[in-house]
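J.: requesting a structural model of the entry that follows:
(chains A and B)
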Amino acid sequence: MTITDTPTAPAPHASRLTTSKAMVEAIAQEMERDPSVVYLGEDVGAYGGIFSSTTDLLARFGPERVIDTPISETAFIGLGIGAAVEGMRPIVELMFADFMGVCLDQIYNHMAKIHFESGGKVRVPMVLTTAVGGGYSDGAQHSQCLWGTFAHLPGMKVVVPSNPADAKGLMTSAIRDDNPVVYMFHKGVMGLAWMAKNARSVGDVPDGEHLVPIGKAAVARPGTDVTVVTLSLSVHHALDVAEKLSGEGVEVEVIDLRSLVPLDREAILTSVAKTGHLVVVDEDYLSFGLSGEVVATVTDHDPTMLKAPVHRVAVPDVPIPYAHGLEYAVLPRPERIEAAIRRSLAL
Amino acid sequence: MTRELFLELFTGLLREMIRIRRFEEKCVELYSATKIRGFLHLCIGEEAVAVGVVGALSEDDAVVSTYREHGHALARGVPMPSIMAEMFGKATGCSGGRGGSMHLFDASRRFYGGNAIVAGGMPVAVGLALADHLSDDRAVTVCLFGDGAFAEGEFHESANLAALWNLPVLFCCENNRYAMGTALAREHASTDLAMRAAAYGMVAWTVDGMDVIAVREATDRALEYVRDSGKPCFLELRTYRFRAHSMYDPDRYRDKSEIATWKKSDPIPALEAKLVSDGLMTPAEVERWRAGVEAEVDAEIAAAVESADAAPLEPVEDLLRHVTTEAADGVALLAGGRST
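T.: Sure, this is the predicted structure:
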């Protein structure tokens, strides 16, 4: 069974959960286990997080551990850093990754650098959660992924789960990690009633303690003909395309990166060594980002592994437009992924 | 003022509030029909602010608004068909279909968004005022924002700069008592926002934001003060949104009874009642007048919907336009990577 399979009956000791419920389950279990874990952010209490990232946590853990903040991102993210330095394990929610602009100084100059600047003497064991992604006409300031930007700045780990089990496992690992971990969840994989339905946003999630190692990619679907390296919602699209092409006898291997920092370069190389064809699918902007990094991983190692030019399916270098047709044209939709695979294989 | 002038002023304010209310009620329908997409934030209940403040401006003044800006844009005179077309994502929309509900722009009317980052427009407003100041223009930049924005550093930095450099900004805090779902007293240690703004060295007043006449009078005074002194001014307009934060908000964070109480101060019936109590109209005349206005406004809205429906989409081939300014021969693309 691959990690993103969705069997009809739950496996033993697993429950079928949406990604958001799996994420909340991990947070709740860690809050039970460790009194130093607190969650704070805008409307994470009574509201439950606008993307259901904190549903019912306030009722379970009270307002001292599930803390609504004013719209003061610089202050409350910085406050999370301070609390982490003193040994707490805060989870701090930046409502949309797009809002990083308001508070980036605290994130990349402080959260990410204090450990280094102190010669390793000060630790910042915090999790910064944030919602990413488009596809629902929310415009240029509410639809970006921006994970390439976070990953570019040294000093923080970056994880991006694509499915319920990984959402739980990566959250647990992130909370227990002694480094700052940026946990980026795509609104389209959360399984929210008011978002477009996505079959893979519900899945089996192991009950009890469940950890997914940070820095380890998953083979979401094994294949022999072409490697698709991707993450987050695009994994789902890539799997749909792989399924379709399998009917034509083309076997696509889909690699779900799950973590950007550390990046599992070995998994990329292993797959490309097998297929010789590489397509990178990234919902972040095309230039200067993740897709280029993945390609460089291969070409730095051995460009002769590639039997054909690499194809990148990413957001062209344009802000996300509001109009539905324009937005879908910039996003890595299944049609674009399929076209890239066909071009890679000269089909 | 004569009776006729009062009647004209009051019915003018009332008509514009009804126009905004009906427009947004239509937006709700269109949202359910998925003609309008994304996040949609309505100002129903807060129309007195839009009409009282923005309607008081002169043509030369500038406006910087938030993501709850349909009322501000309409009151500024941004044509309703261009707003509706924008919300339909059409090429004829005021932002070419690229902005949507949260990013309405109309440079010809100095309406500079439509900004979806809380407090994000405030430094920009101060910059507009700086440019006007340096060009000896008597224009005022009106910066609208909510009580939530008051908690952002951008507000405090902007207020200080505007006061320090004597720049003609009218800060209008549309205090609807909730930063999304977080109540005022849970977001601010001191909830007297005007008093805190005054600490930056600005003239600052608190205004009943449900009373459009009070809002208009305060705005007229404030504009005069800013134009004459060249200094910023701050209005805290105490208001309330009757609907949820956005169309997706289940609105679990406030009591229904609180909403019902505030609805008793609905600015539209309040002004209708004043027309009667001031002896300007009889109740029957108000009824007739209102029916006539609603018919006119509904016809205007229907025409806007019809034209938005019929309008063309921006072609996908033009997707990359407007990322940067264009050379005469077409597209300028800064990074120029190749995506399949």
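
J.: could I get the CA-only coordinates of the helix or strand encompassing A:Leu239 as PDB?
T.: Take DSSP states H and E as the rule and A:Leu239 turns out to sit in helix A:233-246. This file holds the C-alpha atoms of helix A:233-246, laid out as PDB (Å, rounded to 0.1, in the frame of the first residue of the first chain):
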ATOM      1  CA  LEU A 233      -2.200  19.300  -3.600                       C
ATOM      2  CA  SER A 234      -0.200  18.700  -6.800                       C
ATOM      3  CA  VAL A 235       0.500  15.100  -5.500                       C
ATOM      4  CA  HIS A 236      -3.200  14.400  -5.800                       C
ATOM      5  CA  HIS A 237      -3.400  15.800  -9.400                       C
ATOM      6  CA  ALA A 238      -0.200  13.900 -10.300                       C
ATOM      7  CA  LEU A 239      -1.700  10.600  -9.000                       C
ATOM      8  CA  ASP A 240      -4.900  11.200 -11.000                       C
ATOM      9  CA  VAL A 241      -2.800  11.700 -14.100                       C
ATOM     10  CA  ALA A 242      -0.700   8.700 -13.300                       C
ATOM     11  CA  GLU A 243      -3.700   6.600 -13.000                       C
ATOM     12  CA  LYS A 244      -5.000   7.700 -16.300                       C
ATOM     13  CA  LEU A 245      -1.800   7.200 -18.200                       C
ATOM     14  CA  SER A 246      -1.400   3.700 -16.600                       C
END
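
J.: quick check, pLDDT for residue 335.
T.: Picking chain A for this. The predicted structure scores A:Glu335 at 97 on the pLDDT scale.

J.: you looked at the wrong chain, it should be chain B
T.: So, for B:Ala335, pLDDT stands at 56.

J.: please apply the same query to the one 5 residues further on.
T.: Residue-level confidence at B:Thr340 comes out at 67, pLDDT.

J.: in the helix holding A:Leu239, what counts as buried?
T.: For helix A:233-246, the neighbour count (16 or more other C-beta atoms under 10 Å in any protein chain shown) marks A:233-242, A:245 as buried. In short, each C-beta sits where N, CA and C put it, glycine included.

J.: show me where the stretch 201-340 of chain B has helices.
T.: B:212-229, B:256-263, B:267-277, B:283-310 (DSSP state H, counting those that start in this stretch).

J.: off-centre distance for the third one?
T.: Taking C-alpha atoms, centre = their mean, to the nearest Å, one finds the center of helix B:267-277 at 22 Å from the center of the full chain.

J.: list the contacts of that helix.
T.: Here helix B:267-277 makes contact (C-beta atoms under 8 Å, 6 or more residues apart in numbering or on different chains) with B:7, B:10-11, B:13-14, B:17-18, B:21, B:45, B:47-48, B:210-213, B:281-283, B:286, B:290.

J.: change it to 7 Å
T.: Helix B:267-277 has contacts (C-beta atoms under 7 Å, 6 or more residues apart in numbering or on different chains) with B:10, B:13-14, B:17-18, B:21, B:47-48, B:210-212, B:281-283, B:286.

J.: could I get it in CSV with only the CA atoms?
T.: This file holds the C-alpha atoms of helix B:267-277, laid out as CSV (Å, rounded to 0.1, in the frame of the first residue of the first chain):
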residue,chain,number,x,y,z
PRO,B,267,-28.6,53.3,9.6
ILE,B,268,-31.2,53.0,6.8
PRO,B,269,-34.4,52.8,8.9
ALA,B,270,-32.8,55.2,11.4
LEU,B,271,-32.5,57.9,8.7
GLU,B,272,-36.0,57.2,7.4
ALA,B,273,-37.3,57.7,11.0
LYS,B,274,-35.4,60.9,11.2
LEU,B,275,-37.0,62.2,8.0
VAL,B,276,-40.3,61.7,9.7
SER,B,277,-39.4,63.0,13.1
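
J.: re earlier: got TSV for the helices of the stretch 201-340 of chain B, with mean neighbour count too?
T.: Formatted as TSV, these follow (neighbours: other C-beta atoms under 10 Å in any protein chain shown):
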stretch	mean neighbour count
helix B:212-229	19
helix B:256-263	12
helix B:267-277	18
helix B:283-310	15
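
J.: show me the one of these that comes nearest A:Pro180.
T.: Proximity to A:Pro180 (C-beta to C-beta) singles out helix B:256-263 among the helices of the stretch 201-340 of chain B, at 39.3 Å.
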